[in-house]
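Novice: Need the 3D shape of this:
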Amino acid sequence: MAEHDQGKTGRRQHLRQRRHSRPPSCFWTTMVFGVVCLVTGGDGSNPNVVIMLADDLGIGDIGCFGNGTIRTPNIDRIAREGVKLGHHLTAAALCSPSRTALLTGRYPVRSGMASHHVMRVLPFAACVAGLPPNETTFAEVAKSHGYSTALIGKWHQGVHCENSNDFCHHPLKQGFDYFYGIPVSNQKDFGESSHKVITSLFPLLNPVLSTVIFGGMATLLLLLRLRLCGCYFVAFVLLLLILPLSAVLFIVNNFKFMNSMVMRNYEVVEQPIRFRNFTQRLVSEGVRFLEERQKDQKPFLLMMSWIQVHTVLHTSDEFKGHSVHGAFGDNVEEMDWGTGQMVDALERLGLLGNTVVYFTSDNGGHLEEKGDDGTQEGGWHGIYRGGKGQGGMDGGIRVPSVMMWRDHIKPQTVIDVPTSLMDIFPTLVSAVFKGTLPDDRIIDGRDIYPLLTGKDSTPPHRFLFHYCGTDIHAARYTPGNGEDVFKVLYATYRWIDDTEGCGFMCHCNERHVIRHEPPLLYNIARDPSEKTPLNADDPENQKIIQTIGLAVRSHVDGLEAVPSQYSVGKLVPRPWLQPCCNFPFCDCVDPAYGHLHVK
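Specialist: Okay, the predicted model is just below:
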């Protein structure tokens with residue numbers, strides 16, 4: 001024991017002698033290194049992450065992706081100083097499942113976040129559906145590695161499971177330390193338009209419900225008057241038929257009351273949303289988070305989830321009339337401004353050099369979205385076919401995506417091999433957090449850091465499967481020869497003549513699609529617009545179709561049965577889970593921004 005103590009004492013004396021004998025230049029080296037660490041926001045081993053996610057932005061809406069009439073200099077800057085991902089794909093053509101895939105690196109069907117019916121997004125803040133607590137998000141992984149995490153903007157992954165205090169689907173239970181934003185989605189109903197979400201999907205719903213309810217009540221009164229039925233029968237019919245249908249009618253026509261709200265962490269701070277200057281409020285929240293991290297020197301992951309360019313198209317006064325494309329173009333340009341504000345803040349605070357900046361969209365543009373006057377209020381698909389809601393079409397799942405990471409990604413890099421939003425999870429875990437992927441589940445994404453940095457040009461995915469709800473409508477095959485990317489279409493959509501849309505939105509079920517046997521085959525590396533299918537009778541093409549078919553079957557066979565988050569029982573709103581800032585009025589303005597002239 002004495003020898004052990006003497007050894008420790010000797011090592012301490014040796015270290016003191018080394019410190020005292022250190023040349024003066026080491027002092028200045030240490031000081032310079034410390035200043036560099038302060039400026040870069042860390043020691044280089046813990047890069048920061050800023051993810052900016054647009055809502056319903058089409059690949060044809062951005063300057064660096066070919067739009068010459070909508071100005072997006074800030075998104076273009078990220079591409080110019082980093083990489084443009086020209087073949088970046090979402091795992092779904094609608095927001096809730098697509099965001100699930102981004103957060104978890106997994107196809108939404110694996111977590112029950114894919115729907116088997118017409119309602120393919122989470123419709124209510126008061127329903128019990130949402131991202132299951134047993135899923136692992138990149139925010140949870142970041143937090144386990146000492147990162148501060150925040151989500152600013154749209155969530156749309158659920159709130160509660162059983163009671164108003166569990167918040168089991170809430171961002172703060174899914175890895176984020178701070179949340180400021182909207183728990184559901186921005187919706188047409190929140191604006192002044194006469195068109196509503198549900199009635200756009202089901203135009204006859206209101207008149208049918210009204211007719212049944214009022215016709216039923218009139219019939220009951222007549223039967224009572226004629227003494228053809230008793231009070232018990234009337235009460236029975238009212239309880240089992242009239243009251244439930246009346247509740248449905250109320251829900252259909254009160255989306256704004258039920259879903260338009262802003263939360264700060266677990267608290268509803270504004271209801272309904274006051275849209276004027278809302279983008280500026282999101283920017284303010286995001287910049288404040290960055291300033292706090294610059295002070296405490298903690299590595300961070302910030303997700304700026306813009307609620308633009310989903311309708312309702314809210315635009316602050318200074319951006320109105322900016323674009324030749326009306327309210328939609330103004331919306332895109334304001335979102336681009338917000339993106340620029342975040343990048344500028346990173347640069348001003350000395351954080352940009354050690355920060356991964358990634359911008360993308362949750363799905364393609366909503367081609368069918370129109371204003372009351374018929375003007376286009378949805379995004380554009382560029383040279384690709386289809387749009388939002390069409391899980392098999394590139395216009396619905398190929399999204400404008402750019403990334404910059406100084407000293408890692410060379411400026412003006414362009415990558416045209418298929419990549420996926422699901423790749424962000426494993427790339428962050430491996431290249432940024434220096435961690436390991438969960439070994440208790442399948443991760444469908446791939447680490448694309450070698451591809452981004454030019455260290456390896458091998459396509460990360462041999463196959464990608466394209467879901468519409470729970471059905472695979474298409475699949476993509478990259479043989480790896482550097483020339484070809486094949487895509488098969490098992491189903492296409494019953495578009496309205498001379499359009500690539502279906503009224504308000506295309507559906508996935510058999511009544512709304514056209515099945516193809518044999519499937520349509522395209523070489524989208526040579527025919528990205530999918531104009532000319534390859535000859536299915538050609539033996540080589542038959543081999544390709546067979547190869548893809550075997551991969552699809554293997555993928556489907558490997559899926560495990562999980563509870564669906566889209567069962568009717570989970571989607572029905574519970575009155576006791578309805579968020580309200582000041583019951584029974586449910587009307588308040590965020591006190592942090594009460595000084596703004598909001599409306």
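
Novice: So which elements touch the top strand by length along the chain?
Specialist: The longest strand of the chain (DSSP state E) is strand 513-523. In this structure, strand 513-523 packs against strand 486-493, helix 539-557, with contacts taken as 3 or more CB pairs under 8 Å, 6 or more residues apart in numbering; DSSP states H and E. Backbone N, C-alpha and C define where each C-beta goes, glycine included.

Novice: in the biggest helix by length in the chain, what's buried?
Specialist: Counting by DSSP state H, the longest helix found in the chain is helix 326-348. Residues of helix 326-348 classed as buried: 326-343, 345-346 (neighbour count, 16 or more other CB atoms under 10 Å).

Novice: ok, now stretch 184-197?
Specialist: Quick answer for stretch 184-197 (16+ other CB under 10 Å): 184-191, 193, 195-197.

Novice: With pLDDT, distance to Leu245 and secondary structure added, can I get those in JSON lines?
Specialist: Below are the buried residues of stretch 184-197 laid out as JSON lines (pLDDT from 0 to 100; distance: CB to CB, whole Å; DSSP: H, G, I helix; E, B strand; the rest coil):
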{"residue": "Val184", "pLDDT": "96", "distance to Leu245": "24", "secondary structure": "coil"}
{"residue": "Ser185", "pLDDT": "95", "distance to Leu245": "26", "secondary structure": "coil"}
{"residue": "Asn186", "pLDDT": "93", "distance to Leu245": "28", "secondary structure": "coil"}
{"residue": "Gln187", "pLDDT": "89", "distance to Leu245": "23", "secondary structure": "coil"}
{"residue": "Lys188", "pLDDT": "85", "distance to Leu245": "23", "secondary structure": "helix"}
{"residue": "Asp189", "pLDDT": "88", "distance to Leu245": "20", "secondary structure": "helix"}
{"residue": "Phe190", "pLDDT": "90", "distance to Leu245": "25", "secondary structure": "helix"}
{"residue": "Gly191", "pLDDT": "84", "distance to Leu245": "27", "secondary structure": "coil"}
{"residue": "Ser193", "pLDDT": "74", "distance to Leu245": "25", "secondary structure": "coil"}
{"residue": "His195", "pLDDT": "73", "distance to Leu245": "22", "secondary structure": "coil"}
{"residue": "Lys196", "pLDDT": "78", "distance to Leu245": "18", "secondary structure": "coil"}
{"residue": "Val197", "pLDDT": "78", "distance to Leu245": "19", "secondary structure": "helix"}
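
Novice: quick one: which of these is nearest to Lys370?
Specialist: Ranked by distance to Lys370 (CB to CB), those are led by His195 at 8.1 Å.

Novice: Nearest residue to that closest one in space, please, no chain neighbours.
Specialist: Lys188 (5.8 Å; CB to CB, 6 or more residues apart in numbering).

Novice: how near is that neighbour to Ile78?
Specialist: Look at Lys188 and Ile78: by CB to CB, to the nearest Å, they are 30 Å apart.

Novice: swap in Pro123?
Specialist: 33 Å.

Novice: Then Tyr477?
Specialist: Plainly put, Tyr477 is 30 Å away from Ile78 if you go by CB to CB.

Novice: now Gly130
Specialist: 31 Å.

Novice: thinking again about what came up before, which residues touch the longest strand of the chain?
Specialist: 468, 473, 484-494, 507, 530, 532-534, 536, 541-542, 544-545 (CB atoms under 8 Å, 6 or more residues apart in numbering).

Novice: can we see that at 7 Å?
Specialist: 484, 486-494, 530, 533-534, 536, 541, 544-545 (CB atoms under 7 Å, 6 or more residues apart in numbering).

Novice: Report the rounded mean pLDDT for stretch 541-548.
Specialist: For stretch 541-548, mean pLDDT is 98.

Novice: Report the contact partners of the residue nearest to Leu131 when sequence neighbours are not counted.
Specialist: Leaving aside its chain neighbours, Leu131 sits nearest to Gln157 (4.1 Å; criterion: CB to CB, 6+ apart). Going by CB under 7 Å, 6+ apart, Gln157 touches 96, 99-100, 130-131, 169.

Novice: Let me have those residues in CSV, extended by neighbour count and distance to Asp590.
Specialist: Below are those laid out as CSV (neighbours: other CB atoms under 10 Å; distance: CB to CB, whole Å):
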residue, neighbour count, distance to Asp590
Ser96, 28, 25
Arg99, 28, 24
Thr100, 30, 28
Gly130, 28, 24
Leu131, 28, 25
His169, 23, 22
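
Novice: tell me which of those is nearest to Val287?
Specialist: For the contacts of Gln157, the nearest to Val287 is Arg99 (23.1 Å; CB to CB).

Novice: Hmm, the closest one is touching Asp362, no?
Specialist: Yes: with contact defined as CB atoms under 7 Å, Arg99 reaches Asp362; the gap is 5.6 Å.

Novice: For the residue nearest the centre of the chain, give its distance to Asp423.
Specialist: Centrality entry for the chain: nearest residue to the mean C-alpha point is Arg99, 3.4 Å, by CA atoms, centre = their mean. Distance of Arg99 to Asp423, given as CB to CB: 15 Å.

Novice: just Ile152 next, same as before
Specialist: Where Asp423 is concerned, Ile152 sits at a distance of 23 Å (CB to CB).

Novice: Thanks a lot, catch you later.
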